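# sharing a model that was predicted from the sequence below.
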Amino acid sequence: MIARLVFCTLFLVSLLHAADPKTRVALAGDSTVTDKAGWGAAFAKLLKPEAECLNFAGGGQSSKSFRDTGNWKKVIDSKPAFILIQFGHNDMPGKGPKRETDPETTYRQNLIRYIEEVRAIGAKPILVTSLARRTFDNGKIRGELKPWADAARKVATEQQVPLVDLFVRSVDLHNQLGVTASDAFNPPGKDGKADHTHLNAHGAEVIAKIIAEELGKTAPELAKLMK
């Protein structure tokens, strides 16, 4: 009798867990969003146990190539509840026709299309402006990604979607820190060159916390899933 009661209890618990799966949060972006070179893994650690992070970001991806290479389809097929979208680094000139976009036209169009397709599956899109490169001119961040960040900001306003303005936050952060302290974010570079684009573990933790702070302001439903 006791064994049967225990079995029934365990069975009911398993049913409850099956009926209440984890809320999926998907990430779409370039290398600055990946687990190894960006803020993805650090962000995942900030989620509560009832949520899970699926990171589809890839090195060298732009808002154009991410769709063309089939990565975007993987994001949609994972059926997440929230999708954070951050591009810009590889949309810039010099990246080749398979990746480059114009901030006022093709980049904008790509973001709008992403938003529409996220909404079509019943998920919630969240735009994240580009992480600033830690390159300085006369003691201030150069900010060459500003046109793409500005475009994302405009799209977020027009489409009424939450925005994490990571570009502005990261520019402000590194302008306050200065060159030397900002170098503490650099992962090991290739051929002895400093990497001012990607993030080491320390940098990823700082940036992930900034993203969580911004979500608390603009996306309260997702913020509830953060620790």
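Good, I have the coordinates.
# use CA for all of it now, contacts and neighbours both
Will do.
# could you measure from the nearest residue to residue 74 once chain neighbours are set aside over to residue 96?
Residue nearest to residue 74 in three dimensions, not counting chain neighbours: residue 56, with 7.6 Å by Cα to Cα, 6 or more residues apart in numbering. Distance of residue 56 to residue 96, computed by Cα to Cα, to the nearest Å: 22 Å.
# elements contacting the strand or helix carrying residue 117?
Assessed by DSSP states H and E, residue 117 sits inside helix 106-120. Packing partners of helix 106-120 (3 or more Cα pairs under 8 Å, 6 or more residues apart in numbering; DSSP states H and E): strand 124-128, helix 146-159.
# tell me if I'm right that the residue nearest to residue 74 and residue 30 touch.
No. In this structure, residue 56 is not within contact of residue 30 by Cα atoms under 8 Å, at 9.0 Å.
# looking at the two, which is more packed in?
Set residue 56 next to residue 30 and count neighbours by other Cα atoms under 10 Å: residue 30 wins out with 26 against 20.
# ok, the more buried one - contacts?
57-62, 86-87, 89-90 (Cα atoms under 8 Å, 6 or more residues apart in numbering).
# closest to residue 223 among these?
The closest of those to residue 223 turns out to be residue 86 (Cα to Cα; 17.8 Å).
# now do the same contact list for residue 111.
Contact analysis of residue 111 by Cα under 8 Å, 6+ apart lists 63, 152, 155.
# export these to CSV and tack on neighbour count, pLDDT and distance to residue 42?
Converted to CSV, the contacts of residue 111 look like this (neighbours: other Cα atoms under 10 Å; pLDDT from 0 to 100; distance: Cα to Cα, whole Å):
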residue, neighbour count, pLDDT, distance to residue 42
63, 28, 99, 23
152, 29, 98, 23
155, 19, 98, 27
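# make JSON lines out of those and add distance to residue 210.
Compiled in JSON lines, the contacts of residue 111 are given as follows (distance: Cα to Cα, whole Å):
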{"residue": "63", "distance to residue 210": "23"}
{"residue": "152", "distance to residue 210": "18"}
{"residue": "155", "distance to residue 210": "21"}
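# can you pull the buried residues of the helix holding residue 117?
107-112, 114-115, 118 (16 or more other Cα atoms under 10 Å).
# which residues touch the residue nearest to residue 74?
26-29, 34, 71, 74-75.
# just residue 52 next, same as before
Residue 52 neighbours (Cα under 8 Å, 6+ apart): 22-25, 44.
# what pairs with the helix or strand where it lies, parallel or antiparallel?
Following DSSP H and E, one finds residue 52 within strand 51-55. Its sheet considered, strand 51-55 pairs with strand 23-29 (parallel) by DSSP bridges.
# hmm, who's touching the strand it pairs with?
Strand 23-29 is touched from outside by 33, 40, 50-58, 61-63, 66, 72, 75, 79-87, with contacts defined as Cα under 8 Å, 6+ apart.
# looking at those residues, which are in strands?
Counted as lying in strands by DSSP state E, out of the contacts of strand 23-29, are 51-55, 82-86.
# next, the buried residues of stretch 96-106.
99-101, 103.
# ends of that stretch, how far apart?
So stretch 96-106: terminal residues 14 Å apart, Cα to Cα.
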